[in-house]
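Colleague: When you get a sec, could you give me coordinates for this:
(2 chains)
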Amino acid sequence: GDSVTQMEGPVTLSEEAFLTINCTYTATGYPSLFWYVQYPGEGLQLLLKATKADDKGSNKGFEATYRKETTSFHLEKGSVQVSDSAVYFCALNIDYKLSFGAGTTVTVRA
Amino acid sequence: DVKVTQSSRYLVKRTGEKVFLECVQDMDHENMFWYRQDPGLGLRLIYFSYDVKMKEKGDIPEGYSVSREKKERFSLILESASTNQTSMYLCASSFHRGSSNQPQHFGDGTRLSIL
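Modeller: You can find the predicted model right below:
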């Protein structure tokens, strides 16, 4: 079935460090891909999305490119801040249902 | 902005009780979803609904049921609560069935403890 595998955490970084969270997917069709973020005590918020191959999603300094050849959608940010501390989820959407990765906890230290 | 509101942030119930979790969205979305979130497992889909009075099982429906009598409201029911249903429950909605690039919008979650 359709599934997502993302890098296990937790990840701890210093402020202004570079962040990468790996995400790969398995799907029989042509899914849309999403990154969601969950800040402490809150629900999930959409961070960015890409709907077809080679699309790049971006928001709040985060970027991810939909790579069909490697079935990947890695999340990157060039310079993280303490406020980026959160849990990040990769997800794919085929039809109208989402399949989520296990989540990666990121902690940024000042 | 889309608002998805879950009726309780924290809930404590006893084993064997019938538990109702309520979710309301204000954007006329057709699709609504219930997930549970557990550490290391991500989000798992319990049930979803693509229209009033319509429902479909997700990946882990056992021990749960749902009700959608009005478009804006989607209720999750634990028929006889058990300790293994202690979890964070998240409700979500999205705009249109069959549209794969529409994001889901989430509520803040209900942390349910079954004692």
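Colleague: quick one: strands adjacent to the worst-scoring helix or strand of chain A on mean pLDDT?
Modeller: Ranked by mean pLDDT, DSSP states H and E, the helix or strand of chain A with the weakest confidence is strand A:97-100, at a mean of 86. Its sheet considered, strand A:97-100 pairs with strand A:86-94 (antiparallel) by DSSP bridges.
Colleague: where in chain B is pLDDT low?
Modeller: Along chain B, the parts satisfying pLDDT under 70 run over B:1-2, B:97-100.
Colleague: Apply 50 and report the result again.
Modeller: Within chain B, no range satisfies pLDDT under 50.
Colleague: Chain A contacts on that one?
Modeller: When proximity is defined by C-beta under 8 Å from any C-beta of the partner chain, chain B lies next to chain A at B:4, B:31, B:33, B:40-45, B:48, B:50, B:58, B:90, B:92, B:94, B:96-109. Just so you know, the C-beta spots here come from the backbone N, C-alpha and C atoms, and that holds for glycine as well.
Colleague: re the thing from before, only C-alpha atoms, please: export the next helix or strand after the least confident helix or strand of chain A in CSV.
Modeller: Under the assignment DSSP states H and E, the closest C-terminal helix or strand after strand A:97-100 is strand A:104-109. The C-alpha trace of strand A:104-109 is given here as CSV (Å, rounded to 0.1, in the frame of the first residue of the first chain):
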residue,chain,number,x,y,z
THR,A,104,10.5,13.8,13.4
THR,A,105,11.0,15.8,16.6
VAL,A,106,13.3,18.7,16.1
THR,A,107,14.8,20.8,19.0
VAL,A,108,16.7,23.9,18.3
ARG,A,109,19.0,25.2,21.0
